[in-house]
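[1] pasting the structure only:
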């Protein structure tokens, strides 16, 4: 009983001090000082086993960035520009000096994305398509890191219980895996991941850009 009382007391102390489930706000000072207008999205580095992951994620990041109030260079044009110059691997694109990127595209900042998870997995009685990515926004004028964030989403988030017992769960998982693999559910899940990671309305997302009517206002995570 003594050990239990000690654990309960420790938990109460942590709760009182706000140390449990208290999301920390990102430091936006560099971001505000730089005040970028245009953002160049580089081809994402794909650490998953899915070949299509890079294109899937890259095609979904434009919307939350544009809706946050920034000009985004068309990702198809950016990809084609790199390929025309012999850059066909994301790691090579990420290794290009910032001065060269600014010279070619004239962008204020570049977004470096890394895909950590992408695809459909099946584990006994569950199946899901999960996409996890992290990103870093870098000022192309001086190399300062302006922002960094991470997002993840799963197709199983809003899935209800089948109510069919163990057999029902097994069938549901198998069917979900087949359907999501064939239909590439990762494309839709990528959109949710990108929005959670980049949207100016998300916790620790981008700031409101110059094109947003909320430009200059505190980010949601800064509001008390």
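    Arrived safely, thanks for sending. Please read these numbers as outputs of a predicted model, since none were measured by experiment.

[2] tell me where the protein has strands.
    38-41, 45-46, 71-72, 109-123, 126-139, 145-154 (DSSP state E).

[3] need these in CSV with mean neighbour count and mean pLDDT, can you?
    All C-beta atoms are positioned from the backbone trio N, CA, C, and that covers glycine. Listed next are these as CSV, based on neighbours: other C-beta atoms under 10 Å; pLDDT from 0 to 100:
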stretch, mean neighbour count, mean pLDDT
strand 38-41, 22, 98
strand 45-46, 21, 96
strand 71-72, 18, 97
strand 109-123, 20, 86
strand 126-139, 22, 88
strand 145-154, 19, 94
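
[4] out of those, which gets nearest to residue 200?
    Closest approach to residue 200 among those is made by strand 145-154 (10.7 Å; C-beta to C-beta).

[5] any idea how far the closest one is from the chain center?
    Computed by C-alpha atoms, centre = their mean, to the nearest Å, the chain-centroid distance of strand 145-154 equals 4 Å.

[6] do the same with stretch 103-113
    Its chain's average C-alpha position is 18 Å from that of stretch 103-113, according to C-alpha atoms, centre = their mean.

[7] do the same with stretch 46-63
    11 Å.

[8] how about the helices in this structure?
    Using DSSP state H, the helices of the chain run over residues 2-17, 29-34, 53-67, 75-84, 90-94, 98-105, 165-183, 186-198.
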